[in-house]
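Visitor: give me the fold of what follows.
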Amino acid sequence: MLTGWLLLLLVASVNPPQDWKLDPESPVSFSSEASTNILSFSEIFESVPGKIQPSRRILSLVGKRVTITGFMAHLELAPLGSFYLCPRPVSCDEAGGGTADIPIENVRVIAPTLSGKEIRFLPGRLEVTGVLEVGSSSDPGEGIPQVRIILDSGATATPGRKHQ
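Guide: Numbering: from 1, shown residues only. Predicted coordinates:
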C-alpha cells in the first residue's frame, strides 16, 4: 500500500501541505529503500539505420530497480493510475494530436495501487524509482517500444535530490 507523501501528492483530491513548496531545482522523489541503478533519458534509446530501438543499457536493466529524474507531462486527459515522465517540462492538449507532443524518450510511470484513479499533475522535477519494464506500446501503429517504471507498494514521495 502506498504510504506517506505518495498518497498526499498523487491522489487528485488531496493537496500537499501548504507550507511545503515545490522547488523546480529540487525534485520530488518517488522511491523505496532498495538499491537502485541511476538512469538518464539519453540512455533509453539508440538509433540504428531506419529505426529507434531500446539501448543495450536499458535492456540490461529490465526487471531491475532504477531511478530517473524528469518532469511529469501535464496532460489534459491524464491516464488513470499512471503518468508520463519526460526529460523536460511538457504540456499536451490531446484534443488534436493526442500525446504526440510527449518526447519519444519518455517513461510511463505506473502506480498499481492507484489503478483507475487520477494522479494529480505535479510541477517541477520528480525523481522516480521502481522496476523497469520495456515492451510494446498499446498502439499497434507505433513501432517504438514503451519504457515503463512500475512503482512498488512500498514507494513513498519525499523531496528528492538532483542527480548529475
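
Visitor: CA atoms only for the strand or helix carrying L132, dumped as CSV, please.
Guide: Using DSSP states H and E, L132 sits in strand 125-135. Output of strand 125-135 as CSV, limited to C-alpha atoms (Å, rounded to 0.1, in the frame of the first residue of the first chain):
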residue,chain,number,x,y,z
ARG,A,125,11.5,17.9,-11.1
LEU,A,126,10.4,14.4,-10.0
GLU,A,127,12.7,11.6,-9.0
VAL,A,128,11.1,8.2,-9.7
THR,A,129,12.3,4.8,-8.5
GLY,A,130,10.7,1.5,-9.5
VAL,A,131,11.1,-1.7,-11.5
LEU,A,132,11.9,-1.1,-15.2
GLU,A,133,9.9,-2.8,-18.0
VAL,A,134,10.3,-2.4,-21.7
GLY,A,135,7.7,-3.6,-24.1
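
Visitor: give me the mean pLDDT for that strand.
Guide: For strand 125-135, mean pLDDT rounds to 93.

Visitor: pull up the pairing partners for it, direction included.
Guide: strand 28-31 (parallel), strand 65-72 (antiparallel), strand 146-150 (antiparallel) (DSSP bridges).

Visitor: mind putting these into CSV with distance to E43, mean pLDDT and mean neighbour count?
Guide: In short, each C-beta sits where N, CA and C put it, glycine included. Shown next, in CSV, are the strands paired with strand 125-135 (distance: least, CB to CB, whole Å; pLDDT from 0 to 100; neighbours: other CB atoms under 10 Å):
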stretch, distance to E43, mean pLDDT, mean neighbour count
strand 28-31, 19, 54, 23
strand 65-72, 9, 95, 21
strand 146-150, 10, 93, 19
